[in-house]
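Trainee: Predicted model and sequence follow; I will ask about them next.
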Amino acid sequence: MSKAIYISPIDGKPGKPGQVYYPLSLRTIPKPSPQGGELLVKLTAASLNHRDLFLRQHLYPGVTFDVPLLADGVGFVVGAGPNVPNPESWHGKRVILNPGVGWKDSPDGPEEATGYRIMGGTKVYDKGTLQEYIAIEYSEVEEAPEHLNDAEAAALPLTGLTSWRALITKAGDRNSGSGAAVLITGIGGGVALMALRFAVARGAYVFVTSSSQEKIQKAIELGATGGVNYKEEGWEKKLLGLLPAEKKNFDAIIDGAGGDSVEKSVKLLKAGGVLSIYGMTVSPKMPFTMAAVLKNIDIRGSTMGSRKEFKEMVEFVKAKKIFPVVSRVLQTDLDDLAAIDGLFEDMKQGTQFGKLVIEFSKSTGSKL
């Protein structure tokens with residue numbers, strides 16, 4: 001048998017979006033048996049993303065009470081289906097899971113008509129990582145980077161993939177590589193911090209914004225060149241003043257806020273610079289101004305990423321020995337719903353700097 005955590009309806013029925021907070025529930029389910037090309041993975045750690053909080057508030061599409069929560073996970077292989085090539089080579093291997101399916105390698109977006117489907121808590125994909133065992137296609141895992149412990153490996157998949165596409169694919173080598181000036185807004189969240197890690201490793205000058213001086217200082221300790229408090233009057237001018245002498249403007253902005261980002265980008269970006277937007281936490285709409293048109297600002301939406309980009313991201317993490325930023329690790333059994341609820345509370349309060357991880361087992365390896 002396998003323990004798994006789901007969300008449950010209140011009084012047996014769904015609530016109204018934004019007016020409900022679904023409780024967590026622990027269930028004991030049959031341990032999956034790997035079929036076809038599937039691997040059986042004993043999961044050891046999983047991490048939270050904002051989508052998991054939105055699911056509990058019924059603010060995410062396709063909410064269901066019949067799929068375990070969470071999309072990020074790490075574990076070791078303990079079984080293989082009959083169609084897995086060289087099954088013995090997999091035994092005991094520590095792997096991280098591609099957090100979604102439906103997108104193979106197109107640079108434009110998901111190839112499948114159903115679109116990109118993310119693990120955890122929705123009707124569109126019947127798998128989630130907040131459980132002891134999971135059966136998943138061998139083509140949907142990557143060997144976990146050896147330099148990462150389980151908590152760090154579990155923190156990598158979704159935010160790593162999202163930031164990789166926003167920074168590398170969308171902003172491009174010229175605007176995010178060696179010598180480029182990159183601004184990352186709202187530092188502290190998982191995606192922003194991974195974008196910081198990647199940009200620093202690529203040799204860019206990286207700057208950040210936050211309403212917290214403490215978070216700005218932490219970002220500088222992680223390799224950022226500098227940062228400003230976006231609540232200060234005239235912060236844009238102050239930020240431009242921090243640029244190295246050879247730079248007059250930023251090459252790219254990696255933004256998860258939305259709101260007035262286009263208006264701000266006109267002041268901050270070079271002509272033809274890139275505003276790469278992976279989220280809109282401030283507002284679901286943003287105006288596209290004529291000033292941005294006249295400056296040839298290139299605005300690119302970015303979400304998640306392909307299987308190809310996931311592999312590229314993991315290989316880069318391995319090569320550069322990059323560590324995801326982990327805010328807190330909860331070491332507990334899946335039975336402890338109160339403690340796991342506390343991790344969700346951290347996310348609700350927005351107090352974290354980095355990822356929130358549940359470590360519920362140890363990687364010990366096992367024979368098939």
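Mentor: Now that the structure is in, tell me what you want to look at.
Trainee: domain assignment for this protein?
Mentor: Domain assignment for the chain, taken from automatic domain parsing, gives 2-156+324-359, 161-301.
Trainee: contacting residues for the residue most central in space within the chain?
Mentor: Among the residues of the chain, Thr159 comes closest to the average C-alpha position under Cα atoms, centre = their mean, at 1.7 Å. Thr159 makes contact with Asn49, Asp72, Gly189, Gly190, Val191, Leu193, Met194, Pro324, Lys355, according to Cβ atoms under 8 Å, 6 or more residues apart in numbering. Just so you know, the C-beta spots here come from the backbone N, C-alpha and C atoms, and that holds for glycine as well.
Trainee: Strands of the stretch 201-350 of the chain, start to end?
Mentor: Defined through DSSP state E, counting those that start in this stretch, the strands belonging to the stretch 201-350 of the chain, from first to last, are 205-210, 226-229, 250-255, 269-277, 298-301, 326-331.
Trainee: wait, which of the ones you listed is closest to Asp150?
Mentor: The closest approach between Asp150 and any of the strands of the stretch 201-350 of the chain, judged by Cβ to Cβ, belongs to strand 326-331 at 9.0 Å.
Trainee: picking up where we left off before, among the domains of the chain, which gets the worst mean confidence?
Mentor: Least confident of those, judged by mean pLDDT, is domain 161-301 with a mean of 93.
Trainee: Can you give me the end-to-end span of it?
Mentor: With Cα to Cα, to the nearest Å as the measure, the ends of domain 161-301 fall 14 Å from one another.
Trainee: Next, format the domains of the chain as a markdown table and append mean neighbour count and distance to Met313.
Mentor: Conversion of the domains of the chain to a markdown table gives the following (neighbours: other Cβ atoms under 10 Å; distance: least, Cβ to Cβ, whole Å):
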| stretch | mean neighbour count | distance to Met313 |
| --- | --- | --- |
| domain 2-156+324-359 | 19 | 8 |
| domain 161-301 | 19 | 4 |
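Trainee: would CSV of the ones you listed with distance to Val317 be doable?
Mentor: Written out in CSV, the entries for those read as follows (distance: least, Cβ to Cβ, whole Å):
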stretch, distance to Val317
domain 2-156+324-359, 5
domain 161-301, 9
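Trainee: Go through these and name the closest to Lys308.
Mentor: Between Lys308 and the domains of the chain, the tightest spacing by Cβ to Cβ is seen for domain 2-156+324-359, at 3.9 Å.
Trainee: From the contacts of Thr159, which land in strands?
Mentor: Of these, the ones assigned to strands by DSSP state E are Asp72, Lys355.
Trainee: So which of the contacts of Thr159 sit within helices?
Mentor: Residues from the contacts of Thr159 lying in helices, with DSSP state H as the criterion: Gly190, Val191, Leu193, Met194.
Trainee: how about the nearest residue to the last one, chain neighbours excluded?
Mentor: Right, Met194. Across the structure, with Cβ to Cβ, 6 or more residues apart in numbering as the measure, the residue nearest Met194 apart from its sequence neighbours is Ser163 (3.9 Å).
Trainee: what do you get for the first one?
Mentor: The shortest distance from Gly190 to any residue other than its chain neighbours is 3.6 Å, reached at Thr159 (Cβ to Cβ, 6+ apart).
Trainee: any idea how far Ala245 is from the one you found?
Mentor: 33 Å (Cβ to Cβ, to the nearest Å).
Trainee: Also Asn296?
Mentor: 24 Å.
Trainee: Equivalent analysis for Thr225, please.
Mentor: Using Cβ to Cβ, which is the criterion applied here, Thr225 is 13 Å from Ala245.
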